[in-house]
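# Sequence first, predicted coordinates after that:
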Amino acid sequence: LRPESVVLLARTFEAHASGELFNCPDETEVVVLLEEAGSIAVGAAAAGIFAEGGGIAITHVGNISAGEQSSGIHAATGPAGGGISITSRGNIKLTGSRDASPLDPAAGIAAFGHSGITINSTGDITTTGEARHGIFATTETGNVSITSAGNVSADGFNANGIRVTGEGHSSVLIESGKVS
């Protein structure tokens, strides 16, 4: 890890705002390691894990639950930012409506990048409510790769199990489970 990286090792969190919040300048690499089994629970208008910065690597083991207008894992890089890598080994459950801009959808896993995005998920992702995607990834210039080995379910108007947008090449691999 580079000295300017942010690193977190943790077990269980309960919060009414974002469970873990990392907001760094575009050139700062953000590394979030939650490798001990535990859970994150947040209320409305929050994220279980929220990371913004230059390059982002998130590894999470455990379950995440969130309420209205919330995401399970939210990662975003700025225009000068690097890639995004998210590994989630646990279940993510979102309930309630989204009530946010269409440009900022709430999702079980949401990644907004300016270069490559890689998402690996082995747990089940369940969302309910309008425009609550299971997995959402968008990039301006890079490629998107999503591998899912769990069930992904989005139940609501304009909600997608997996939604990918952007200018680069995209691939989605469903190893097991189903997307609905």
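Alright, I've got the coordinates.
# What ranges in this structure fall below the confidence cut-off?
Across the chain, residues meeting the criterion (pLDDT under 70) sit at 1-38, 98-105.
# switch the cut-off to 80
Applying pLDDT under 80 to the chain flags the ranges 1-46, 53-54, 78-81, 96-105, 167-171, 173-177.
# Assess the claim that Gly108 and Gly129 are in contact.
No. Contact criterion CB atoms under 8 Å: Gly108 and Gly129 do not qualify, at 11.7 Å. All C-beta atoms are positioned from the backbone trio N, CA, C, and that covers glycine.
# quick one, which of these two is more surrounded?
For Gly108 versus Gly129, neighbours defined as other CB atoms under 10 Å are more numerous around Gly108 (31 against 20).
# returning to what we had before: overlap in contacts of Gly108 and Gly129?
With contacts taken as CB atoms under 8 Å, 6 or more residues apart in numbering, Gly108 and Gly129 have Leu94 as neighbours in common.
# so where do the helices sit in the protein?
Listed in chain order, the helices of the chain (DSSP state H) amount to none at all.
# ok, how many other residues are close to Thr141?
Other residues within reach of Thr141 by the criterion other CB under 10 Å amount to 11.
# Run a quick check on it versus Gly168, I expect a contact.
Yes. Assessed by CB under 8 Å, Thr141 is found in contact with Gly168 at 6.0 Å.
# Contacts only, for Thr128.
Thr128 is in contact with 94-96, 155-156, counting by CB under 8 Å, 6+ apart.
# so can I have CSV of those showing distance to Ser121 and neighbour count?
As requested, those are arranged in CSV below (distance: CB to CB, whole Å; neighbours: other CB atoms under 10 Å):
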residue, distance to Ser121, neighbour count
Leu94, 14, 29
Thr95, 19, 15
Gly96, 21, 19
Asp155, 18, 13
Gly156, 19, 17
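# from those residues, which single one is nearest Thr147?
Distances from Thr147 to the contacts of Thr128, taken as CB to CB, are shortest for Leu94 (20.5 Å).
# so the closest residue to that closest one other than its chain neighbours bridges to which residues?
Residue nearest to Leu94 in three dimensions, not counting chain neighbours: Thr127, with 4.4 Å by CB to CB, 6 or more residues apart in numbering. Per DSSP bridges, the residues bridged to Thr127 are Leu94, Ala154.
# and the gap between Thr127 and Ala159?
Computed as CB to CB, to the nearest Å, the Thr127 to Ala159 distance reads 6 Å.
# tell me, what's touching the two both at once?
Both Thr127 and Ala159 are contacted by His133, under the criterion CB under 8 Å, 6+ apart.
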